[in-house]
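Visitor: Whatever this is, show me its structure:
(2 chains)
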Amino acid sequence: MTITVSPARINTNASNVRNIASTGRSQNASTPAFKGRVWEVKSEGLIEKINWLGEDFSSAMQRLVSGVTALMTQPFFDLNNKKTDEKTRVTSTARTLGKIIAGTTTGVLIRQICVALTKKYTQNENTEKYLLDKKKKAASEIITDFSAHKNLQKLLPEGMKNASYREIKAYRGAMGTFAAVVVMLGTNFLIDAPVTTYLTNFFVKKFTKTSEPQKQLAVEGGK
Amino acid sequence: MAFTNVLENVKTYLFKTYSGDTSKMLLHTGTFAWITSAAAQIFGIVNNDKVSKEQKKFLIPQEMADAAINILSFYFVTKSIQNTTKKLASSGKIITKDIREFCVDNKIQHTKIKGGDKTDIGKAILKKIDDIKATIKINEENAIGTESDVKKLQGNLKELNTFYDEKYASFESGVKIVGSVTGAVLSSNIITPILRNPIAAMKQKSSMAKDKGQNEVILPAPIILPAQNRFGIDDYKSKVMAAPRVITGGSMRV
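Guide: From the prediction side, this is the model:
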């Protein structure tokens, strides 16, 4: 029996890993071959979260995270922009808020819908097996013969009908998101832009109303 | 028919490019989405009647600066952070106990070796999978090894495949997505507003100054003659009015 597997240079010394996660410092600083630090993730919870990100994080979730953090940072920068006059500053902040709210809402919804639609038309034995393993489908509901359900594989490329669950899942994300971006070519003009304009005007009104009595009070106080 | 072919090509391209890498898809679709969104937002400001002309002079350059900076910083910052985090996972700088132990048991390089090749755990596992597949093929073709040897190799192959799919790939992809999200937040929500506002303010000022210049009627500076050359109303009365009148064909006095 000949086994040709022979990686050229392999470091099998487990102690080469300097475990800074558990001790905060090197356990084997004398290892000459390895200079950098290694962070060995110990927490099972953290590993699970990282794996979840790798497996289940979608473009809709990324858009949501991006939108929520944008709401926390961008209006602050606009409101403190001393390089322009107060009126423009207020309009600019209102516009930023409107843009984030409109963009995030439509962006998340359209991505979510498009990925869900793609999911419906990219099924095979492996995706069914996954659902059965995860107890998301009962054994009686599982489709075993897809020749009678060709519609459910409409969006799978011809040569990839037997792809693994992992590959199909990543493909669903890509196909769904690209479809969403194409849909958003229209909705950006038809929904985002007018909603942003409406919200900008709404926030400008709101900011001006709240700032006027304050100014009035300041003037009266000054008297 | 042509549409079916185009769709099939698109599906195959998307599958081959992104089925192994979600973070790459997030980067590319994110960049494309920002481009279309920026175009729509500029269109929105231009058509907003309630925003004054003066404010538009700030908001339009603000939006354009926002778009340019956002698209560029989103792509490059996100990509570089993504690559860094990917490298941290593939070189074993960030590792889990399971991955380290698996690498040790299967003689897969997971730390840097002085003078050795770059460490890439993912590539090393995939290479090992390919090597075992090739070995099985050679052994089958040449009828080498016993049945139990073949079973052992197939068992190794299955173990490597399962480990790669269920443990390593999702961990590496997860670490890379942490980089992707960090990059997206940092570029779009911190770098872009910090850079775009001064650029837009500068544009607004120069645009307003240009407008002011066009609307003003510039009068020439008054010419002040020296005292001896000045010609006042008294001089006019005494010199011009007293002069003899020359009658021409018309009624005008010359």
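
Visitor: Tell me where the stretch 51-200 of chain B has strands.
Guide: B:94-96 (DSSP state E, counting those that start in this stretch).

Visitor: so where's the stretch 151-254 of chain B shaky on pLDDT?
Guide: B:212-231, B:240-241, B:243-254 (pLDDT under 70).

Visitor: Quick check: residues of it near chain A?
Guide: Within the stretch 151-254 of chain B, the positions near chain A by CB under 8 Å from any CB of the partner chain are B:153, B:165, B:169-178, B:180-181, B:184-185, B:188-190, B:193-194, B:197-198, B:200-202, B:204. (Glycine included, C-beta is placed from N, CA and C.)

Visitor: Whichever of these end up buried, select them in PyMOL.
Guide: In PyMOL syntax, the buried subset of these is picked out as below (16 or more other CB atoms under 10 Å in any protein chain shown):
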select buried, chain B and resi 153+169+170+171+172+173+174+175+176+177+178+180+181+184+185+188+189+190+193+197+200+201+204
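
Visitor: Among the residues of the stretch 151-254 of chain B next to chain A, which ones are in helices?
Guide: B:153, B:169-178, B:180-181, B:184-185, B:193-194, B:197-198, B:200-202, B:204 (DSSP state H).

Visitor: contacting residues around the residue nearest the centre of chain A?
Guide: The centroid of chain A falls nearest to residue A:62 when counting by CA atoms, centre = their mean (1.8 Å). By CB atoms under 8 Å, 6 or more residues apart in numbering or on different chains, the contact list for residue A:62 reads B:26, B:30, B:180, B:181, B:184.

Visitor: From residue B:18, how far off is the first one?
Guide: Same thing as residue B:26. Counting by CB to CB, to the nearest Å, the gap from residue B:26 to residue B:18 is 9 Å.

Visitor: one step back: most widely separated two among the contacts of residue A:62?
Guide: B:30 and B:181 (10.4 Å; CB to CB).

Visitor: For residue B:135, the count of nearby residues, please.
Guide: For residue B:135, the neighbour count with other CB atoms under 10 Å in any protein chain shown is 22.

Visitor: so where's the longest helix in chain B?
Guide: helix B:53-90.

Visitor: That one - contacts with which helices or strands?
Guide: For helix B:53-90, the packing partners by 3 or more CB pairs under 8 Å, 6 or more residues apart in numbering or on different chains; DSSP states H and E come out as helix A:86-120, helix B:22-46, strand B:94-96, helix B:121-142, helix B:169-186, helix B:192-215.

Visitor: For the fourth one, give the mean pLDDT please.
Guide: Looking back up the chat, that one is helix B:121-142. Throughout helix B:121-142, pLDDT has a mean value of 88.

Visitor: and the angle from it to helix B:169-186?
Guide: 150 degrees (axes from the mean of the first three to the mean of the last three CA atoms, to 10 degrees).

Visitor: does any bit of helix B:121-142 sit next to chain A?
Guide: Yes. Using CB under 8 Å from any CB, helix B:121-142 reaches chain A at B:124, B:127, B:128, B:131, B:132, B:134, B:135, B:138, B:139.

Visitor: If you rank every helix and strand of chain A by mean pLDDT, what lands last?
Guide: helix A:20-23 (a mean of 38; mean pLDDT, DSSP states H and E).

Visitor: Which SSE is immediately downstream of that one?
Guide: Using DSSP states H and E, the helix or strand that follows helix A:20-23 in sequence is strand A:39-41.

Visitor: Beyond that following strand, next helix or strand please.
Guide: Using DSSP H and E, the first helix or strand after strand A:39-41 is helix A:44-56.

Visitor: Could you give me the buried positions within that following helix?
Guide: Neighbour counts over helix A:44-56 (16+ other CB under 10 Å) mark A:47, A:50, A:51, A:53, A:54, A:55 as buried.

Visitor: thinking the second one is in contact with residue B:172, fair?
Guide: No. Between residue A:50 and residue B:172 no contact is recorded; they are 9.3 Å apart, counting by CB atoms under 8 Å.

Visitor: Neighbours of residue B:2, how many?
Guide: 6.

Visitor: circling back: which one of the buried residues of helix A:44-56 is nearest to residue A:204?
Guide: Checking the buried residues of helix A:44-56 against residue A:204 by CB to CB gives residue A:53 as the nearest, at 38.5 Å.

Visitor: what residues are up against residue B:33?
Guide: When contacts are counted by CB under 8 Å, 6+ apart, residue B:33 touches A:63, A:107, A:180, A:181, A:184.

Visitor: quick one: it and residue B:146, what's the gap?
Guide: For residue B:33 relative to residue B:146 (CB to CB), the value is 57 Å.

Visitor: phi, psi of residue A:58?
Guide: Residue A:58 adopts backbone torsions of phi -110, psi 170, taken as degrees, to the nearest 10.

Visitor: Check which residues of stretch B:148-157 are buried.
Guide: By neighbour count with 16+ other CB under 10 Å, stretch B:148-157 contains the buried residues B:149, B:150, B:153, B:156, B:157.

Visitor: Include distance to residue A:71 when you put those into CSV, please.
Guide: What follows is the buried residues of stretch B:148-157, written out as CSV (distance: CB to CB, whole Å):
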residue, distance to residue A:71
B:149, 62
B:150, 60
B:153, 55
B:156, 51
B:157, 49
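
Visitor: Okay, and which of those residues map to helices?
Guide: Of the buried residues of stretch B:148-157, the ones assigned to helices by DSSP H are B:149, B:150, B:153, B:156, B:157.
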